[in-house]
Structures are given as structure tokens and as C-alpha cells.
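Colleague: sequence and predicted model, in that order:
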Amino acid sequence: MGEKKTRYYLLIVGVLLLGVLAIVLAVGSFPQRPDSSNRLGAIVTVQELSLAEFKEVYDQRDLAVDRFMILDLRPRSEWEEAFIPGSISFTTARLNEQDTRQKLDMYSEIAVVSDDTGVSALLLERFKAQDWTADKKIYLLNEPVKGWFAAGYSRSRFAIDF
């Protein structure tokens, strides 16, 4: 009777181990959702640029063809006075709008310009919180937009609808 009990216990232990192994394999095969707390660093490349570096990136783009968007985070009234050609007036609140998110997803490169670095940082946090799914390259102008105009670079007074 002792030998039968031992075999019975070994059989139970074997079945339990197989069950645990099956669970581990099943759970391991589920797609893992990346930790969204650090997705910005993993998916989005953020490059801070001086005014000269930004101008170089800007000059290399064909705004009508390239998937390149310039978001101007200054107050709308300042943007209406003068803005970098091709830029749009943008607020972080617009990220909550579904159509805005879909429009931004079409661009592989986004330039962020502002006179307030805190606003730019807030936008980056919103990008991180919204869990971007497409690869993005983001340029941050680390100087005020006013420097663009002071350097004599072109300005526009023709609004682009976004």
C-alpha cells in the first residue's frame, strides 16, 4: 500500500507541475503592454535644438510634402502677429480631441516651439501620458520663437488650418 501511495503522490505532483508549466507558457505568450511611464523615451525621440540647428532642420523639410509639423505653443494672439511659416497655433488641451490625435499621428516629425519651456515640457508629458503608438521624432526649439524673427528668418501671416 505504501508504494501505491507514493506513486499516487508523484502523479499528483507531476500533474500540478505540468499545470504550472502550462500556465507560465500561456501567460508568457500574451503580448506585453509596455510600461507607459517611460514610453516617450522608448518610442519618441526628443531632440533639443538651438535656433541655428532648428533653422537647418526647417530648411531641409518640404512642408508641403514631408510628414513634418510645427506646433507653436505661444498664446494665439502672439501667433497671429507673426509665426514661423508652416507652424500652427496649438495648445496642450487640443491633445484631448480625438481628431487632433489622429492628425498628429500622421506626422513622423513634430517640431515644438514656444517662448515658455514649461509649456513645452507639459506637452511632452501629455505625449507620454497619451501612450503614442507610432514612432515619432520631436524637435524642441530651446530658444524663444522671438529669436527666429530677431535673426531675420522669414515669418508668415497666413494661417494654416489644422
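Modeller: Right, received. Where do you want to start?
Colleague: use CA for all of it now, contacts and neighbours both
Modeller: Noted.
Colleague: run a quick neighbour tally on Leu25.
Modeller: 11 (other C-alpha atoms under 10 Å).
Colleague: over to Pro85?
Modeller: Neighbours of Pro85 using other C-alpha under 10 Å come to 17.
Colleague: wait, doesn't it sit right on Ser154?
Modeller: Yes. Contact status for Pro85 versus Ser154: in contact at 7.1 Å, counting by C-alpha atoms under 8 Å.
Colleague: just give me the longest helix of the protein.
Modeller: Criterion DSSP state H: the longest helix present in the chain is helix 2-29.
Colleague: give the buried residues for the host helix or strand of Ala121.
Modeller: For Ala121, the host element (DSSP states H and E) is helix 117-129. The neighbour-count check on helix 117-129 (16 or more other C-alpha atoms under 10 Å) flags Thr117, Val119, Ser120, Leu123, Leu124, Arg126, Phe127, Lys128 as buried.
Colleague: Ile70: what secondary structure?
Modeller: strand (DSSP: H, G, I helix; E, B strand; the rest coil).
Colleague: dump the residue contacts of it.
Modeller: Gly86, Ser87, Ile88, Ile110, Ala111, Val112, Val113 (C-alpha atoms under 8 Å, 6 or more residues apart in numbering).
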